[in-house]
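Chemist: From the sequence below, what's the structure:
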Amino acid sequence: MHPDDPIEQQPTDTSPVRRTIDPASAERTIGRHRAPEPRRRGPVRSTPARVAVATGVTCCLGLIGVVGAKETGQRHEPVREVLADRAAAASEERASRDFERSAPPVAVPVTPIPVATPSPTPTKKAPRKPVRPKRPRPVAGLDQRQMDNAKTIVDVGLSLKMPRRALVVAVATAMQESDLYNLASDVLPESFDYPHQGSGSDHDSIGLFQQRPSSGWGTVAEIMRPAYAARAFFTALSKVPGWTEMSVTAAAQAVQVSAFPDAYAQHEQRATTVVAALA
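Modeler: Numbering: from 1, shown residues only. Modelled structure (predicted):
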């Protein structure tokens, strides 16, 4: 040290100072610059370590991307969903390369079950209209109205189980009394209130057998019905003692008590023909 230097700069101890120099620090520092550090050897160079580091970096980058997406307002799928999709894709790839795949299910034909159809409700048939009996064909010179009236007389006699001779007596009597027409009476105006086929003028005698209401044969309405008049005649005939042994004229006269007792005999043949055609 120069003698002119100030006192503060003069060392108090002239003995040399020994400094402990770290060899490493001496190698690191050369002047004012830092020497390059030597490469460190560690577990980073191993393959598992590299995979771990790469995975960590990937996760960090994914998190940074998610955070950045949230900050910028962009919508991205979460990392877990992306990883799940990748895992699913990998499993599908693996399954497609698998040789032990199960056979596809065999389509089994399904037999349709028949559905029971309800039986149709039976429709009620309309009741048949009563068959109108055919009108008998006229015989023995009669017209249709006369033949119809003769049939009514025969039908009533058969319903009463009267013998055939009684039927001939009844038809012959109606031929003589009314010519087989259902007649009203000019003397009895009420008789015109009922169906009739002409009129007579013999007191109050009306109908096929010219029965008189005043004699107890029935009311005007009853006698004007051909079926009732025929029944009244057969009932009276059946009460005549021994009528079955009598002639047609005698049997008819026993019922009618006519002023011309022999007039009925002229109609016996025709009456027999009519009854044969109807019974």
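Chemist: low-confidence ranges in the chain?
Modeler: Residue ranges of the chain with pLDDT under 70: 1-84, 86-122, 124, 130-133.
Chemist: what sits up against whichever strand or helix holds A174?
Modeler: Using DSSP states H and E, A174 maps to helix 164-178. Defining contact as CB atoms under 8 Å, 6 or more residues apart in numbering, one finds that helix 164-178 is touched by 149-150, 153-154, 157-158, 180, 200, 205, 207-210, 230, 233-234, 237-238, 243-244, 248, 251-252, 255-256, 258, 263-264, 266-268, 270-272, 274-275, 279. Any C-beta I mention is one placed from the backbone N, CA and C, and that applies to glycine too.
Chemist: And those residues, which of them are buried?
Modeler: Buried subset of those (neighbour count, 16 or more other CB atoms under 10 Å): 149-150, 153-154, 157, 180, 200, 205, 207-210, 230, 233-234, 237, 243, 248, 251-252, 255-256, 258, 263-264, 267-268, 270-272, 274-275.
Chemist: returning to what we had before: give me the subset of the contacts of helix 164-178 lying in helices.
Modeler: Cross-referencing those against helices under DSSP state H gives 149-150, 153-154, 157-158, 230, 233-234, 237-238, 248, 251-252, 255-256, 268, 270-272, 274-275.
Chemist: how near is the nearest residue to Y181 once chain neighbours are set aside to T123?
Modeler: Once flanking residues are discounted, Y181 sits nearest to Q197: 4.3 Å by CB to CB, 6 or more residues apart in numbering. If you measure Q197 against T123 using CB to CB, to the nearest Å, the figure is 44 Å.
Chemist: If you count surrounding residues, which of those two has more?
Modeler: The residue with more neighbours, out of Q197 and T123, is Q197; 17 against 6, by other CB atoms under 10 Å.
Chemist: mind listing the strands for the stretch 101-250 of the chain?
Modeler: Using DSSP state E, counting those that start in this stretch, the strands of the stretch 101-250 of the chain run over 184-185, 199-200.
Chemist: CSV for those, including distance to P127?
Modeler: Formatted as CSV, the strands of the stretch 101-250 of the chain follow (distance: least, CB to CB, whole Å):
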stretch, distance to P127
strand 184-185, 36
strand 199-200, 40
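Chemist: Deepest-packed of those, please.
Modeler: Comparing the strands of the stretch 101-250 of the chain by mean neighbour count (mean count of other CB atoms under 10 Å), strand 184-185 ranks first with a mean of 24.
Chemist: Give the other helices and strands that that strand contacts.
Modeler: Secondary-structure packing of strand 184-185 (3 or more CB pairs under 8 Å, 6 or more residues apart in numbering; DSSP states H and E): strand 199-200.
Chemist: Residues contacting the strand it packs on, please?
Modeler: Counting by CB under 8 Å, 6+ apart, S178, L183, A184, S185, D186, S191, F192, I206, Q210 sit against strand 199-200.
Chemist: Distance-wise, check the nearest residue to the last one once chain neighbours are set aside relative to G141.
Modeler: With CB to CB, 6+ apart as the criterion, Q210 has its nearest non-adjacent residue at 4.3 Å, and that residue is E177. E177 is 17 Å from G141, where distance means CB to CB.
Chemist: For those two, indicate the residue with more neighbours.
Modeler: E177 (24 against 9).
Chemist: now what about stretch 265-279, what contacts it?
Modeler: Applying CB under 8 Å, 6+ apart, the contact partners of stretch 265-279 are 136-137, 139-142, 147, 150-151, 154-155, 158, 164, 167-169, 171-172, 175-176, 247-249.
Chemist: Tell me how many other residues surround P138.
Modeler: P138, neighbours per other CB under 10 Å, totals 16.
Chemist: What are the neighbouring residues in contact with it?
Modeler: Taking CB under 8 Å, 6+ apart as the test, what P138 contacts is Q144, Q146, M147.
Chemist: What is the burial count for the second one?
Modeler: Using other CB under 10 Å, Q146 is surrounded by 20 other residues.
Chemist: ok now do it, which residues does it touch?
Modeler: Going by CB under 8 Å, 6+ apart, Q146 touches P138, D179, L180, Y181.
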